[in-house]
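Engineer: Sequence below, structure please.
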Amino acid sequence: LSLSFLDVVRNQDGVRFMMRFHGAVIGQVYGSGDCRGRFLDEVIQRGSCASGLAPYHQTAATGQPVYTIQDMTDRQGRLVHNERLLLPFSRDGETVDRILASFEFICPDGAFDNYELMKAPSAPPMLRLSATIAPQAIA
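Structural biologist: All right, here's what the predicted structure looks like:
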């Protein structure tokens with residue numbers, strides 16, 4: 001599965017995202033069989049940490065879903081599009097305390113190497129698209 005479920009942890013130092021659950025594909029792209037209980041900023045490659053975490057912060061702050069597409073390369077240098085949808089959840093109906101992340105990895109060449117895909121690039125992933133999905137009133 002290409003899903004992860006994260007707790008939004010707020011404290012005096014800011015907001016962090018702890019991985020509560022993730023599917024097998026997510027473990028492979030991060031290069032770890034099990035990232036549960038680890039913070040996302042500990043798992044994401046340091047060079048892409050700020051850009052990788054920005055959509056999570058946006059989702060936590062606004063309570064709105066965020067959709068992104070990033071271009072990256074696998075270990076053989078093949079282009080891979082990383083589509084990510086972040087969905088906010090709140091136990092009290094006000095403050096986002098969990099985020100469900102859905103990923104889709106697409107390679108124009110077909111097959112690609114997903115092992116350590118998030119760690120493989122020689123350069124940070126390039127943001128192609130970022131959109132906050134605002135709710136719309138139905139009349």
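Engineer: after the longest helix along the chain comes which helix or strand?
Structural biologist: Longest helix in the chain by number of residues (criterion: DSSP state H): helix 49-62. Per DSSP states H and E, the first helix or strand lying C-terminal to helix 49-62 is strand 66-73.
Engineer: Paired strands for that following strand, with orientation please.
Structural biologist: strand 79-89 (antiparallel), strand 126-132 (antiparallel) (DSSP bridges).
Engineer: Residue 53: which of the ones you listed is closest?
Structural biologist: Residue 53 sits nearest to strand 79-89 of all the strands paired with strand 66-73, at 10.9 Å, using CB to CB. Where you see a C-beta, it was placed from the backbone N, CA and C, and this is true even at glycine.
Engineer: Check which element follows that closest one along the chain.
Structural biologist: strand 98-106.
Engineer: Check which residues of that next one are buried.
Structural biologist: By neighbour count with 16 or more other CB atoms under 10 Å, strand 98-106 contains the buried residues 98-101, 103, 105.
Engineer: And for it, what's in contact with it?
Structural biologist: 2-8, 17, 20, 25-26, 29, 56, 59-60, 80-91, 112, 114, 117 (CB atoms under 8 Å, 6 or more residues apart in numbering).
Engineer: Just the buried ones from those?
Structural biologist: The buried subset of those - by 16+ other CB under 10 Å - is 2, 4-6, 8, 17, 25-26, 29, 56, 59-60, 80-88, 112, 114, 117.
Engineer: list the helices and strands the least confident helix or strand in the chain by mean pLDDT packs on?
Structural biologist: One helix or strand of the chain scores below all others by mean pLDDT, DSSP states H and E: helix 24-30, with a mean of 83. On a contact count with 3 or more CB pairs under 8 Å, 6 or more residues apart in numbering; DSSP states H and E, helix 24-30 meets strand 98-106.
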